[in-house]
Every structure is written in structure tokens, then in C-alpha cells.
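Participant: I need the structure of the sequence given here:
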Amino acid sequence: MTPIIDKYIGQEALDHAVSQNAYNEDCFKEFIRYLDHFLTELEQDGAIEEEDTAANLLLVPVEHTNYYAKRRNEGFSIAWSKKYAEYKTSGDTRNLVMYCYEASEEQDKQQADADLMTYFKVTKRDQLFIDYLLKRISTGDRFGERSIEKDVEEFVSNYNEQISKGKSKLYAYQYADWLIDDYHPIFCDDYAYIYEESINKGKSEEYAKEYAYQYASELVNVKRRSGISDDEESLNWAKSKAKAHINAWQYANENELKSYDKFMEYYKHAYLDTLYSDDPNEWKTIEQCEKISLDKALNEYERMIKKE
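Facilitator: Below you'll find the predicted structure:
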């Protein structure tokens, strides 16, 4: 017993609390640690009143220790269990899984991963939930406005909804992944569509992500505007801008161009100018259009390089 516990609780009340809750040695140590900490903070804040009884002062530490004991009995580490009990006692459970994981990770990464597997087992999560939460952790995307558990549950729900509509797993994953970050469903649909198409054509994931984002960004601006969501001319212009972007991006990256941004600018302008040329004989196929556009852009680019 520590001096502050002796001062406000006493041996008899302490023994009663321990026997009533049947704490083992591990839980007893945590109970004493937290009780000492709890009383010290209250005393420093001048928050202990004369009418406070030992029984009243023991309520929160007992609650904390019971939460701790619950997690320990389920197989969690001491670090995870302490953090779990701390936040449960305070009533703040948003992102609780991540706070517990990081507390465990500070001591040992393997321990934290084992704790996470125990969490999945205890909460009976399915594989899609597990994989997506692990992805969020690995990318550092651990905290947001909402609980990560709620985010992942919503992702799973959105994914399954797309599957029920006949969409592929690849499409459903991308759609649900963007929707969880509050992107408009129109954006998510177009992103998933182009991403899937690009991957199926053998393009790299980097290419698929770049093209899908540009395509979805261009089209959502058109489709969301009142009165022109079915305007083929506007939609085709948006698609052409996205195609100009990805063509320029691909060439600039494959050839490791020094002035990346300038080439991107030259190519986009050349592509759109050529695609929508007033001269009907300038090109006959899209391949010819792209070749002419590239030549124009490279000429501009080389002139710019010579001037530097």
C-alpha cells in the first residue's frame, strides 16, 4: 500500500475491494498502480472532498481495473490492456483500437501485431475487415474524424453493396475505399471504373491510380453541375483532358524528363488542340492524333530546354 492509498482508502476498504473483485496478482498490481495515480491527481487538483468515502474513491479505479482484467483474460498484452482500460474509464472510445495498438507498438511491434490478431478473434471480424484495417495501419492512416472501426465497418458495407450489384471485387474495393473518405459517389464510380479498366489492360498500379484520379476529378465536375450531367460534349471534353494528362504523365515518367511540369503543360495543350482541330484531315485515328500531339509537345519542350 502506498502512502496516499493509506491516507484516503485504508487497509480494510482496500482488502474488501480486492477480494470482492477477485483480482489475481497481475490485476492487483494494476489496481494499486492506477489507484495511486488516480488519488494523486485528485489531491493535486484539490478534488477530494471531506464527504468522499473510501468506497466512492474506489469506484473509478475498480472500474478501470475490471476493464484491464477483461482484456488480460482475453489474451491481450499489459500495454494494450492498460490503454484500453484508460480510455474506457474516461468514456472516450473513439479510435480506441488505434490507441491500444500504438501503446503496445511502443513496446514491441510483434506484440502489437499479436494484440491486433487477438482483437480480430475476440470481435469475430471477417477477413475483409481485417485486411482493410491492416492496410489503414500500414499506410499510417490511423486516425480521423470518425473511429477507424466505424470507417472499416462502413467500407465493408459499401464493398458488399457493390458486389451485390454485380461489380467486380477490384471495382468494389476501389469504390468503397474512396467513398469512405467522403468523396462523391460519382467520383468513386468513375475512379473505380478507370482503375479496373487500366489494371485489366496490364497497366501498372501507379498508372491506374494516376489515370483514375484524373479521370474521376474531371468528370465529377461536369456530372455534378445542374443541367449538363448528360451533355455529351462536356463529358467528352472532360474525358479528353484526362486522357491528355495520362498520356503526358506516362511519357514524362518513362523518359525521366527534367522539366516534368512544362512537358505536361505542352502535351495537354497540343493533344486537345489536335484532337479538336478544325482541320478534318489532320489525323484519321487516335493513334495518329497522339503521335502528332507528342511531336508538337516535344518541339515546344526542346525549344524551352535550349533557352535555359
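Participant: use CA for all of it now, contacts and neighbours both
Facilitator: OK.
Participant: Name the residues of stretch 61-70 that are buried.
Facilitator: Across stretch 61-70, burial judged by 16 or more other C-alpha atoms under 10 Å covers P61, V62, E63, H64, T65, N66, Y67, Y68, A69.
Participant: for it, what is the average pLDDT?
Facilitator: Average pLDDT, stretch 61-70: 97.
Participant: Now the helix or strand hosting N236: buried residues?
Facilitator: Following DSSP states H and E, one finds N236 within helix 232-254. Residues 235, 237-249, 251-252 are the ones in helix 232-254 that count as buried (16+ other C-alpha under 10 Å).
Participant: and it, how far from the chain's centre?
Facilitator: 28 Å (C-alpha atoms, centre = their mean, to the nearest Å).
Participant: shaky segments in the stretch 51-200 of the chain?
Facilitator: 142-145 (pLDDT under 70).
Participant: can you map out the helices along it?
Facilitator: 54-74, 78-90, 96-107, 109-123, 127-138, 148-164, 169-179, 185-200 (DSSP state H, counting those that start in this stretch).
Participant: what does the fifth one rub up against?
Facilitator: Think helix 127-138. The contact list for helix 127-138, computed with C-alpha atoms under 8 Å, 6 or more residues apart in numbering, reads F120, R142, I148, E149, V152, E153, V156.
Participant: neighbours around the fourth one, how many?
Facilitator: Neighbour count for E149, taken as other C-alpha atoms under 10 Å: 16.
Participant: OK, contacts around it?
Facilitator: Here E149 is in contact with N95, V97, L133 (C-alpha under 8 Å, 6+ apart).
Participant: Can you report how many residues lie near the first one?
Facilitator: Burial measure for N95: 19 neighbouring residues, criterion other C-alpha under 10 Å.
Participant: Closest to the centroid, which residue in the chain?
Facilitator: Centroid-nearest residue in the chain, with C-alpha atoms, centre = their mean: D141, separated by 3.9 Å.
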